[in-house]
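Undergrad: coordinates only, no sequence provided:
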DNA sequence: TGTCAACACGAAAACGGTTTCGTTGAATAT
DNA sequence: ATATTCAACGAAACCGTTTTCGTGTTGACA
């Protein structure tokens, strides 16, 4: 077990000062060729690597970015993290991941843990409980301290910061329009409660498309689930009662489960009933039939978020200008609709 | 924008020394009631929080643990991270996630980045390229420096450290046995190349179960895919050529895709052909029919890994004793086999 | 009244770097 | 021979804590 070597060790061994070693390793003009070569050779030999913590303390930059998300098992968040990680890593940053598990308290605790010097900025997506509660003081505190924050997907307009979202309303609108164009007459929506910013936007897009159509929108064709958890009975009852010929679901799971239900009833997909979901995950791709979805481009979203955050972190300027980047969703056509 | 307040600020404001402030905040006996109350009140008022970086530098403990995994989009790794995160967080640790993306070089770079003070220990699962190459010098260097490492799932026996695995051989053995007990006669295996430690173990279990049976094992009933990527044509050809009545797959995706292929051919699942996969992910649960799988208990695995790592990090003792924890897989019975 | 604890606090080193600002000695200019 | 310049290096401050080791003041006791 060979412990890590420090500048002090090198200085002692070579009988020069710590400053000289530091400068020599940075190839400073101040130091003679001889000394530089000697120091660098020694450093290489003993595999000297500067201590990140010491450097962080000195320049008040950690090169870490904190990511606080509700869940990691959901495919969408997973792809976002990957996007963040790839981009951040390429720029020399590490990613600290914290899970709020949809809990307001955990979100607060995690942010507090990280805000005390551990990170240079936050990328986050709000916990459902936070959006429900509408309490964003923990975010305000962090931004007040001058720590940059980028909000993605589940955002709030009450905080001034950079944001990255996809146009959920447009995605739902296009999906619904697709159904209408295909001659579907009873188009249902299975969603979650409106406190989630994304669900709200999707419902809006669905509603708008139907209102613009001849048939108009009908409140009773919308099933609002109280949480993200599957309530299998609720979906079953809803589908039996309404007998839609097209269903838009706010996630993959609702859609795939619904497809199975109607298949058991003997309905054909997409002839008798068509489906479109949100999130282009593994489930959609391998479902039977494969599921048409509104792709959210999570990886791209992560990359954009990381870019915005790091740019802000590294910009000396204290401009208080924030932008909201809106990514366009795309419809990935698969076998759950006619084509 | 109110910047963070430091001990020095409090000391200046209250006209005491920094040491006094530090002690007062720690409720030291050395400090008088009066002073302590004054300092604590002031600290509360200005929301003083100690700087993590400074503390890290002082006690050479970061309370961060580095997790280096091949991929995050795979459900299994995702659940492991969740397990790590939950447990680590409960013990006051943060999790820094790095992705090797199955690349040896990225694995090395990530470890080097983190090893210079950023973390107290590593939890990792080896990149396929690393296992293929058999080069573990980057791990050796880290352990030589006294940094604790816990390897999970994709491990190597060439490094002395704690390990957490599931008994992949047993899982495959049990699954294969299940097929045999159900009277299946042509039991196939779809796996990846043997350099992955887990694939190797699973193949071994499959082989053992068949050898113990009357029918014996047959090399030609094994399809080895060169990588984790889906090669749809290879699977199709294999299934058409061998016409198995039972298929064990080393992951969900191979299984679900194979199921769809045979369904298109008009075969009934599980009567004509049964399936068992590995990894109890969202795909298995919502596939049609739902897929019987060997559950790997990723979350438990993450939790165990984190426990072992943190215990080692916090133990002053320099015991050089390492243990390998073997988790038992369990068969989750669903509709892709008779029951 | 002198001595000694006990109390309450401060100075300073340490963690491992970076960086500014001397300081030294030799070479050059005058 | 003296003043000036420059190359090469070191001392020390600093980042924000913790912690050890004084130190001055007070009160009690002989």
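TA: That came in fine, so what should we check first? Everything numeric in this text was worked out from a predicted model, so none of it was measured.
Undergrad: going by C-alpha atoms from here, please, whenever you check contacts or count neighbours.
TA: Fine.
Undergrad: so which residues on the stretch 1-150 of chain A come close to chain B?
TA: Contacts of the stretch 1-150 of chain A with chain B, taken as CA under 8 Å from any CA of the partner chain, map to A:1-4, A:49-54, A:56-57, A:72-73, A:75, A:78-79, A:82, A:85-86, A:94-99, A:116-118, A:143-146.
Undergrad: what's the closest non-adjacent residue to the residue of the stretch 151-300 of chain A at minimum distance from chain B?
TA: Closest residue of the stretch 151-300 of chain A to chain B, CA to the nearest CA: residue A:283 (5.6 Å). In this structure, residue A:283 finds its nearest non-sequential neighbour in residue B:283, 5.6 Å apart by CA to CA, 6 or more residues apart in numbering or on different chains.
Undergrad: run through who's touching the stretch of helix or strand that neighbour belongs to.
TA: Assigned by DSSP states H and E, residue B:283 belongs to helix B:282-286. With contact meaning CA atoms under 8 Å, 6 or more residues apart in numbering or on different chains, helix B:282-286 is reached by A:253, A:256-257, A:282-283, A:286-287, B:75, B:252-253, B:256, B:290-293.
Undergrad: check stretch A:195-214 too.
TA: A:128, A:131-132, A:153-156, A:168-177, A:180, A:189, A:191-194, A:216-217, A:250.
Undergrad: same question, stretch A:106-113
TA: By CA under 8 Å, 6+ apart, stretch A:106-113 touches A:68, A:98, A:99, A:100, A:127, A:138.
Undergrad: narrow those to those that are buried.
TA: A:68, A:98, A:99, A:100, A:127 (16 or more other CA atoms under 10 Å in any protein chain shown).
Undergrad: so what's the fourth one up against?
TA: What that stands for is residue A:100. Residue A:100 neighbours (CA under 8 Å, 6+ apart): A:68, A:69, A:70, A:71, A:106, A:107, A:110, A:127.
Undergrad: what does the last one give?
TA: Residue A:127 makes contact with A:69, A:70, A:100, A:101, A:102, A:103, A:104, A:107, A:154, according to CA under 8 Å, 6+ apart.
Undergrad: quick check, residue A:307 in a strand?
TA: No: counting by DSSP: H, G, I helix; E, B strand; the rest coil, residue A:307 is not found in a strand; it is helix.
Undergrad: sorry, back to before: how deep is the residue of the stretch 151-300 of chain A closest to chain B tucked in, by neighbour count?
TA: When neighbours are counted by other CA atoms under 10 Å in any protein chain shown, residue A:283 registers 25.
Undergrad: any idea of the pLDDT on it?
TA: The model reports residue A:283 with a pLDDT of 91.
Undergrad: could you check how far it is from residue B:252?
TA: 11 Å (CA to CA, to the nearest Å).
Undergrad: same thing with residue A:25?
TA: 51 Å.
Undergrad: which residues does residue A:307 contact?
TA: With CA under 8 Å, 6+ apart, residue A:307 has these contacts: A:87, A:88.
Undergrad: next: residue A:142.
TA: Residue A:142 neighbours (CA under 8 Å, 6+ apart): A:115, A:148.
Undergrad: what's the pLDDT at it?
TA: Value for residue A:142, per-residue pLDDT: 96.
Undergrad: got the buried residues for the host helix or strand of it?
TA: Per DSSP H and E, residue A:142 falls inside helix A:137-144. For helix A:137-144, a neighbour-count test (16+ other CA under 10 Å) marks A:139, A:140, A:141, A:142, A:143 as buried.
Undergrad: how about residue A:5, what does it touch?
TA: Applying CA under 8 Å, 6+ apart, the residues contacting residue A:5 are A:46, A:47, A:48, A:49.
Undergrad: where's it, which helix or strand?
TA: Per DSSP H and E, there is no helix or strand for residue A:5.
Undergrad: same check, this time on the one 4 residues further on
TA: Element membership for residue A:9 (DSSP H and E) is helix A:7-14.
Undergrad: same for that helix, what does it pack against?
TA: helix A:18-25, helix A:33-45 (3 or more CA pairs under 8 Å, 6 or more residues apart in numbering or on different chains; DSSP states H and E).
Undergrad: if you compare those helices, which one is most tucked away?
TA: helix A:18-25 (a mean of 18; mean count of other CA atoms under 10 Å in any protein chain shown).
Undergrad: next, residue A:247: phi, psi?
TA: Dihedral pair for residue A:247: phi -130, psi 130, per degrees, to the nearest 10.
Undergrad: quick one: buried residues of stretch A:156-167?
TA: So for stretch A:156-167, counting by 16+ other CA under 10 Å, buried means A:156, A:160, A:161, A:162, A:163, A:164, A:165, A:166, A:167.
Undergrad: the nearest residue to residue A:216 once chain neighbours are set aside: what secondary structure?
TA: Nearest in space to residue A:216, with sequence neighbours left out and distances taken as CA to CA, 6+ apart, is residue A:210 at 5.0 Å. Using three-state DSSP, the three-state assignment for residue A:210 comes out as helix.
Undergrad: give me the number of residues near residue A:210?
TA: Residue A:210, neighbours per other CA under 10 Å, totals 20.
Undergrad: again, but for residue A:205
TA: 23.
Undergrad: against DNA strand C, how distant is it?
TA: 52 Å (CA to the nearest atom of the strand, to the nearest Å).
Undergrad: what do you get for residue A:143?
TA: 26 Å.
Undergrad: give the contact list for that residue.
TA: A:149, A:161, B:1.
Undergrad: can you tell me the SS state at the closest residue to the second one other than its chain neighbours?
TA: If the residues on either side of it in the chain are set aside, residue A:161 comes closest to residue A:322, at 5.4 Å by CA to CA, 6+ apart. Assigned with three-state DSSP, residue A:322 falls in the coil class.
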